[in-house]
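# Got a predicted model here, sequence first, then my questions.
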Amino acid sequence: MAALRTFFAIELGRGARHSALAVLEALRDRPGGDALRWVRPESLHVTLRFLGATEPSQVPELLDAVGAAVAGQASFELGLGPLSGFPSPRRPRVVALGLEPEAPVAALAAAVEDGARAAGWPAEERPFRPHLTLGRLRRGRKPSADLVTASVTPAREAWEVRDVVLFQSQLSPGGARYAPLARIPLHP
């Protein structure tokens, strides 16, 4: 069987998803909005750790290791934060919403990272930055600095993060499609 392309993530609550979509649609319709490839509504999620190529035979050990690493993590409430751009708001390659509070998301991502390394994955080289990606700059396009400074803010729709999800990413010409493979519950 072929390798799977996997990542761990947090799913959005229904209200937060609607709020994020409202921001995405408002930005997409602004001048310069066509310079970005916007995330499809069903694809919105908070990535904790991208793994990449994963042999199906590795999945049970990976789930055990990450499950053990997040065992002490409690469920928590999370909300959407302000609009931002990476690597900078003036020259964004990624347009995203922040997450509030950041501390529990960062702690959960660190635990997932520990579990992935325990299962044999190399350490992630980039520091974790809690965010919800809304769009990525299209190749060959110039970013619009005023897009990220737009006065578009999400409605404060918090949701309870109760689990970590291992997703499979299936690439296609129409964009990646994500399918949940397993859930690791957090403690209430």
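Cool, got the structure.
# Grab the nearest non-local neighbour of residue 116.
Nearest residue to residue 116 in three dimensions, chain neighbours excluded: residue 49, at 5.5 Å (Cβ to Cβ, 6 or more residues apart in numbering). The way it works is simple: take the backbone N, C-alpha and C, and place the C-beta from them, glycine included.
# Next one: that neighbour from residue 107, what distance?
For residue 49, the distance to residue 107 equals 13 Å [Cβ to Cβ, to the nearest Å].
# ok, the two, which is more surrounded?
Taking neighbours as other Cβ atoms under 10 Å, residue 49 and residue 107 compare with residue 49 leading, 24 against 15.
# Return the residues in contact with that one.
Counting by Cβ atoms under 8 Å, 6 or more residues apart in numbering, residue 49 touches 7-8, 109, 112-113, 116, 124.
# any chance you could map the helices in the chain?
Along the chain, the stretches classed as helices by DSSP state H are 14-28, 59-69, 102-118, 145-148.
# Dump these to TSV, plus mean pLDDT and distance to residue 163.
Formatted as TSV, these follow (pLDDT from 0 to 100; distance: least, Cβ to Cβ, whole Å):
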stretch	mean pLDDT	distance to residue 163
helix 14-28	94	15
helix 59-69	98	11
helix 102-118	98	10
helix 145-148	71	31
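# how about the ones you listed, which one is nearest residue 34?
With Cβ to Cβ, the closest approach to residue 34 among the helices of the chain belongs to helix 14-28: 7.8 Å.
# Please enumerate residues in contact with the closest one?
Residues outside helix 14-28 that contact it (Cβ under 8 Å, 6+ apart) are 12, 33-34, 36, 38-39, 41, 44, 78-80, 83, 95, 97, 132, 134-135, 147, 150, 152-159.
# Could you list every helix and strand in contact with the helix or strand bottoming out on mean pLDDT in the chain?
Ranked by mean pLDDT, DSSP states H and E, the weakest helix or strand in the chain is helix 145-148, scoring a mean of 71. Using 3 or more Cβ pairs under 8 Å, 6 or more residues apart in numbering; DSSP states H and E, the elements in contact with helix 145-148 are strand 76-86.
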